[in-house]
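J.: coordinates only, no sequence provided:
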């Protein structure tokens, strides 16, 4: 049995709004093993976005524990949390979040720069990743010169730059047409088949269908969890 790479234990995230307590997450527990492919779904206001922020180490629980790749990150200091996030998580966003002034090659290299990887090694790895997502013919192009699907492929390559324990995708096909969406989801499927742990947060049932395990969140709690 593969080890747990993500584990949440009774995670709560409460906010104070206008003197009232909003229970965005209210006791969430689940675990994901290395090499699994999960989808997280839920309606607007369900707590799905808050859960995404917790999983992505962009927010901390009010209480409870979150182990990411064997380390409890729930109460880490900012610098330590940022470092652990950089080493263990790769992000793919709906809006790509590529740096417009940088070429395809430079965008893919960026996470490695923050880990102190040498220029020569950054370039070598970035070219390998670009080939992996079939973007090696566009290395010197800017994001503005690419289609939406091409930008997302570059974003996937960048997310893989530091060989993260988990690939976390937030509505990764939200800005793509149907044909391109299928191509991107096939790319995620290939990464899963190659052993990568994939978590996709989505509201689209056809995207959810690609995953092999599923979580539905409602009112800050897990409504269903199937694997």
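T.: Right, received. Where do you want to start? On a predicted model such as this, the values are computed, not experimentally measured, just so you know.

J.: helices of the chain, start to end?
T.: Ranges of helices within the chain are 48-55, 78-88, 104-114, 119-132, 148-159, 178-193, 205-208, based on DSSP state H.

J.: ranking these by burial, who's on top?
T.: Mean neighbour count (mean count of other C-beta atoms under 10 Å) peaks for helix 148-159 among the helices of the chain, with a mean of 24. C-beta coordinates here come from the backbone N, C-alpha and C atoms, glycine included.

J.: list the helices and strands that one packs on?
T.: strand 89-93, helix 104-114, helix 119-132, helix 178-193 (3 or more C-beta pairs under 8 Å, 6 or more residues apart in numbering; DSSP states H and E).

J.: what's that helix in contact with?
T.: If you take C-beta atoms under 8 Å, 6 or more residues apart in numbering as the criterion, helix 148-159 is touched by 90-93, 96-98, 104, 107-108, 110-111, 126, 129-130, 132-135, 138, 143, 146, 167, 172-173, 175-177, 180, 183-184, 187-188, 191.

J.: and for residue 115, the neighbour number?
T.: Residue 115: 12 surrounding residues under other C-beta atoms under 10 Å.

J.: where does the chain dip in pLDDT?
T.: 1-2 (pLDDT under 70).

J.: from residue 157, how far out is the most centrally placed residue in it?
T.: By C-alpha atoms, centre = their mean, the mean C-alpha position of the chain lies nearest to residue 168, the distance being 1.5 Å. From residue 168 over to residue 157 the distance is 15 Å, taken as C-beta to C-beta, to the nearest Å.

J.: and what of residue 123?
T.: 13 Å.

J.: with residue 183 instead?
T.: 14 Å.

J.: tabulate the helices and strands packed on helix 148-159 in a markdown table, adding columns for distance to residue 202.
T.: Supplementary listing: those in a markdown table, determined by distance: least, C-beta to C-beta, whole Å:
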| stretch | distance to residue 202 |
| --- | --- |
| strand 89-93 | 12 |
| helix 104-114 | 23 |
| helix 119-132 | 23 |
| helix 178-193 | 10 |
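
J.: relative to residue 4, which of the ones you listed is closest?
T.: strand 89-93 (15.4 Å; C-beta to C-beta).

J.: pretty sure residue 71 sits against residue 84.
T.: Yes - Residue 71 lies in contact with residue 84 (C-beta atoms under 8 Å); the separation is 6.4 Å.
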